[in-house]
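Enquirer: Have a look at this fold, sequence not included:
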């Protein structure tokens with residue numbers, strides 16, 4: 001803590017944001033003046049615990065002003081305070097904000113007890129269980145998203161609401177040309193702003209790419225160990241939205257905006273296990289004929305078996321399910337393949353390759369990274385513990401008769417509610433809490449969606465709900 005305070009003084013920091021990831025993977029924060037930071041580091045920073053009970057419109061789902069706040073937990077009654085406890089190792093200086101530092105926090109009650117709905121803690125628990133089995137998680141991030149130029153901020157009083165009106169936007173290029181250098185050059189002014197800010201934050205950026213659709217980009221980040229990779233995803237998204245907004249751009253991680261001709265965006269999570277004893281990749285096969293080691297095949301089998309329930313964490317919005325379409329480079333069924341971009345799980349590498357891994361193509365870019373990672377660990381390790389046999393790879397992914405992925409958030413939440421493995425891994429109380437929040441989102445959609453026609457198309461309700469938020 002002394003070193004952190006010394007760094008804050010030496011860099012002339014005037015304000016420090018104490019932040020945490022809420023249930024949706026959105027950063028919530030309080031800004032503390034530099035003079036008050038020592039006290040905040042010692043005692044934590046209070047915030048209304050009702051923030052943990054809100055859906056994506058910021059409506060409170062649970063009755064917090066009743067005994068036990070509707071959850072049988074008196075600590076939450078009356079929207080009482082919870083406390084942000086800073087992780088000193090997370091400190092960053094935000095390059096786009098004036099003399100501003102940033103700290104990522106874990107959550108406690110004032111009595112020191114851990115808040116059970118702290119999603120970062122959920123991942124820490126999963127990683128601890130993984131370590132108990134002798135493994136660590138290595139994760140690489142491949143994220144698609146859109147960058148638009150803001151044409152109208154829509155900040156009139158009548159635009160306010162829960163949620164408010166999203167900004168009106170213009171394209172930076174018209175697509176469709178995957179990896180086109182000319183199209184990339186049209187994106188480059190915005191991407192250079194992002195690159196410079198990510199570099200200043202020390203994030204492990206690997207590449208920027210021009211994605212297939214208009215005004216669509218992709219970034220990849222170097223592999224990191226589990227918690228660090230999840231923290232990186234959280235900070236990357238926040239940096240993209242904040243830094244670009246200050247220059248008149250709108251970055252969105254909404255999967256499929258309701259705009260003419262735009263494409264869906266996905267989040268491909270590259271994952272492998274390594275042995276804690278020697279740091280070697282536990283998925284690399286020794287036999288030339290095998291795509292993965294026995295451990296890797298068992299882990300892959302677990303991901304397949306629990307994929308439908310894990311969708312609620314990997315694709316946590318109503319909008320994300322509009323991406324699961326045939327012949328779209330997005331998954332549609334619970335299948336795996338060797339270097340197949342049509343499969344849900346794509347196996348890369350092989351004998352002698354220390355980067356052998358599984359790429360899960362199921363996620364949407366707005367997912368909470370802590371919950372996405374944790375669900376993968378619990379699902380995969382169930383396959384390892386039970387030594388599940390791996391099915392054959394699918395060579396025709398869009399002609400397969402394998403089980404379909406959920407077609408809606410509603411269906412995915414129902415799958416999660418009945419998943420013993422994810423309940424045991426993440427806790428029944430947490431699963432019930434999370435499902436209730438997502439069910440409230442679904443209920444509002446059913447009541448408020450006035451669009452009729454093809455349910456696979458994006459509604460105005462979705463665009464208003466997610467375009468600015470994510």
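Expert: Thanks, I have it. Just so it is clear, the structure is predicted and the values come from calculations on it, not from any experiment.
Enquirer: quick check, residue 187 in a helix?
Expert: Yes: for residue 187, which was evaluated using DSSP: H, G, I helix; E, B strand; the rest coil, the result is membership in a helix.
Enquirer: quick one, what contacts it?
Expert: Applying Cβ atoms under 8 Å, 6 or more residues apart in numbering, we find residue 187 in contact with 147, 172-173, 210, 215, 217. From N, CA and C alone the C-beta is placed, and that goes for glycine too.
Enquirer: again, 7 Å this time
Expert: 147, 172-173, 210, 217 (Cβ atoms under 7 Å, 6 or more residues apart in numbering).
Enquirer: cool, and residue 222?
Expert: By Cβ under 7 Å, 6+ apart, the residues touching residue 222 are 140, 204, 206.
Enquirer: Quick check on the nearest residue to the second one once chain neighbours are set aside: phi, psi?
Expert: Right, residue 204. If the residues on either side of it in the chain are set aside, residue 204 comes closest to residue 222, at 3.9 Å by Cβ to Cβ, 6 or more residues apart in numbering. Per-residue torsions, residue 222: phi -60, psi 150 (degrees, to the nearest 10).
Enquirer: Please read off the pLDDT at residue 222 from the model.
Expert: Turning to residue 222, the model gives it a pLDDT of 96.
Enquirer: for residue 455, same thing?
Expert: We note a pLDDT of 72 for residue 455 in this prediction.
Enquirer: Can you report how many residues lie near it?
Expert: Neighbour count of residue 455, defined by other Cβ atoms under 10 Å: 12.
Enquirer: That one sits in which helix or strand?
Expert: Here residue 455, judged by DSSP states H and E, is contained in no helix and no strand.
Enquirer: got it, and residue 194?
Expert: Applying DSSP H and E, one finds residue 194 within helix 181-201.
Enquirer: between the helix or strand following that helix and helix 181-201, how big is the angle?
Expert: Using DSSP H and E, the helix or strand that directly follows helix 181-201 along the chain is strand 205-210. Our comparison of strand 205-210 with helix 181-201, counting by axes from the mean of the first three to the mean of the last three Cα atoms, to 10 degrees, yields an angle of 150 degrees.
Enquirer: What pairs with strand 205-210, parallel or antiparallel?
Expert: Paired strands of strand 205-210, with direction, are strand 216-225 (antiparallel) (DSSP bridges).
Enquirer: Where is pLDDT lowest across the contacts of residue 187?
Expert: Among the contacts of residue 187, residue 210 has the lowest pLDDT, at 90.
Enquirer: can you pull the buried residues of stretch 426-435?
Expert: Burial within stretch 426-435, assessed by neighbour count using 16 or more other Cβ atoms under 10 Å, is assigned to 426-427, 430-431, 433-435.
Enquirer: how about stretch 320-337: buried residues?
Expert: In stretch 320-337, counting by 16+ other Cβ under 10 Å, buried: 320-324, 330-337.
Enquirer: Point out the least confident one among these.
Expert: Scoring these by pLDDT puts residue 330 last, at 86.
Enquirer: check which helix or strand covers it.
Expert: Short version, using DSSP H and E: residue 330 is in no helix or strand.
Enquirer: That one is in contact with residue 268, isn't it?
Expert: No: between residue 330 and residue 268 there is no contact, the gap being 10.1 Å when judged by Cβ atoms under 7 Å.
Enquirer: Common neighbours of the two, please.
Expert: residue 361.
Enquirer: other SSEs contacting whichever strand or helix holds residue 372?
Expert: Take DSSP H and E as the rule and residue 372 turns out to sit in helix 369-386. Contact partners of helix 369-386 among helices and strands, from 3 or more Cβ pairs under 7 Å, 6 or more residues apart in numbering; DSSP states H and E: helix 119-132, strand 135-152, helix 226-245, strand 267-275, helix 294-305, helix 307-314, helix 420-426.
Enquirer: Make a markdown table from the contacts of residue 187 and add distance to residue 87 and neighbour count to it.
Expert: Shown next, in a markdown table, are these (distance: Cβ to Cβ, whole Å; neighbours: other Cβ atoms under 10 Å):
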| residue | distance to residue 87 | neighbour count |
| --- | --- | --- |
| 147 | 30 | 23 |
| 172 | 36 | 22 |
| 173 | 39 | 20 |
| 210 | 35 | 24 |
| 217 | 30 | 26 |
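Enquirer: gap between residue 336 and residue 348?
Expert: According to Cβ to Cβ, to the nearest Å, residue 336 stands 11 Å off from residue 348.
Enquirer: next one: residue 230
Expert: 21 Å.
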